[in-house]
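Asker: Pasting a predicted model and its sequence here:
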Amino acid sequence: MDGQLGWGTLDNGEWRKGPWTAQEDKLLTEHVSLHGDGKWNSVSKLTGLRRNGKSCRLRWVNYLRPDLKRGNITPQEEIIIQELHALWGNRWSNIARSLPGRTDNEIKNYWRTHFKKSKPSKNVEKARARFLIRQRQEEQGQEEQQHLHQGAQQQQADMRAAMKRAEEAALAEDMEETTYMYSVSCMLQGGGFSGYSSDGSTGDGSWGSLWNLGDVPDDLCAVTALYGERR
DNA sequence: AAAACAGGCAACCGCATGAAC
DNA sequence: AGTTCATGCGGTTGCCTGTTT
């Protein structure tokens, strides 16, 4: 390419690795503007770029895309990242979809440098705890329909009651957090919020309505599925 | 002024998944 | 139905740069 390859010397005599040059960026950008993104493995053939498809895709997604937002993560974005990470864990691509202009790589790096070494905040821990409680309740409800043994039913009812109490205690503990959760929800959906009643509970008693995530993976079911499959 | 250290970030790697054949 | 290939995702690595000693 330019003869000055640094640690990005030719890999096995074919693919270049390491930092991208301005010329390579230009080639890739031109290719995408002509052919659109996708078909990354054809980039090298069509442009002469000695980068493999994966490398091209990564460069485009993380750096060259015109809709990328430059600059520091804002406090609002930081809150969203914390909350969504509490819900989804390291689902960086999901989190990134909720933050237009940000990439999964960027969020992942930000998380690792800003949060990982510190203990999770109280709010984050609470968010996760409440989500898990709710999820557990739903699972219990499904199991209940399948197993109608009376003893088991009693046990499950006791457990649900205990979890319900725990959740209510968490909610009562600080209304400040409830307001906080509300504001995050509003940010996520651009202000439109429903299903939240003044007593601090959700209208229908589900996280789906509390969060109402919009284009963030559809609804509570999707979130639950994501969480479930992760474990 | 220079060496050591730490943080931030770009890029690579391996694996999983889905589409095409 | 099985195989191959392309793409996407999350984890990890290592360079660069700013800060501290």
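Answerer: Yep, that arrived.
Asker: can you list the residues of chain A near DNA strand C?
Answerer: A:6-7, A:38-41, A:53-54, A:57-58, A:90-94, A:104-105, A:108-109, A:112 (Cβ under 7 Å from any atom of the strand). Heads up, the C-betas are built off the backbone N, CA and C, glycines and all.
Asker: so A:Trp15 touches A:Ser55, yeah?
Answerer: Yes. Contact criterion Cβ atoms under 8 Å: A:Trp15 and A:Ser55 qualify, at 7.2 Å.
Asker: These two: which is more packed in?
Answerer: Legend: neighbour count by other Cβ atoms under 10 Å for A:Trp15 and A:Ser55, higher for A:Ser55 (23 against 16).
Asker: of the residues of chain A next to DNA strand C, list those near DNA strand B.
Answerer: Applying Cβ under 7 Å from any atom of the strand to the residues of chain A next to DNA strand C, those adjacent to DNA strand B are A:54, A:58, A:105, A:108-109, A:112.
Asker: Show me which of those are buried.
Answerer: By the neighbour-count criterion of 16 or more other Cβ atoms under 10 Å, those include these buried positions: A:Leu58.
Asker: Could you tell me which residues of chain A lie near DNA strand B?
Answerer: Counting by Cβ under 7 Å from any atom of the strand, the residues of chain A that sit close to DNA strand B are A:8, A:11, A:16-20, A:54-55, A:58-59, A:62-63, A:105-106, A:108-110, A:112-114.
Asker: So which of those residues are in helices?
Answerer: A:54-55, A:58-59, A:105-106, A:108-110, A:112-114 (DSSP state H).
Asker: Tell me, how many residues neighbour the residue of chain A found nearest DNA strand B?
Answerer: Chain A approaches DNA strand B most closely through A:Thr113 (2.9 Å), counting by Cβ to the nearest atom of the strand. Residues lying near A:Thr113 (other Cβ under 10 Å) number 9.
Asker: now swap in A:Lys26 and tell me
Answerer: A:Lys26: 12 neighbours (other Cβ under 10 Å).
Asker: Report the secondary structure element holding it.
Answerer: According to DSSP states H and E, A:Lys26 maps onto helix A:22-35.
Asker: That helix - contacts with which helices or strands?
Answerer: helix A:43-47, helix A:53-59 (3 or more Cβ pairs under 8 Å, 6 or more residues apart in numbering; DSSP states H and E).
Asker: If we use 7 Å, what do you get?
Answerer: helix A:43-47 (3 or more Cβ pairs under 7 Å, 6 or more residues apart in numbering; DSSP states H and E).
Asker: Not including adjacent chain positions, what is the nearest residue to A:Ile73?
Answerer: Spatial nearest neighbour of A:Ile73, chain neighbours left out: A:Tyr110 (5.5 Å); criterion: Cβ to Cβ, 6 or more residues apart in numbering.
Asker: Surely that neighbour is in contact with A:Glu77?
Answerer: No. If you go by Cβ atoms under 7 Å, A:Tyr110 and A:Glu77 don't touch, sitting 8.8 Å apart.
Asker: And chain A, what are its domain boundaries?
Answerer: A:10-64, A:70-231 (automatic domain parsing).
Asker: Where among those is average confidence lowest?
Answerer: For these, the weakest mean pLDDT is recorded on domain A:70-231, namely a mean of 55.
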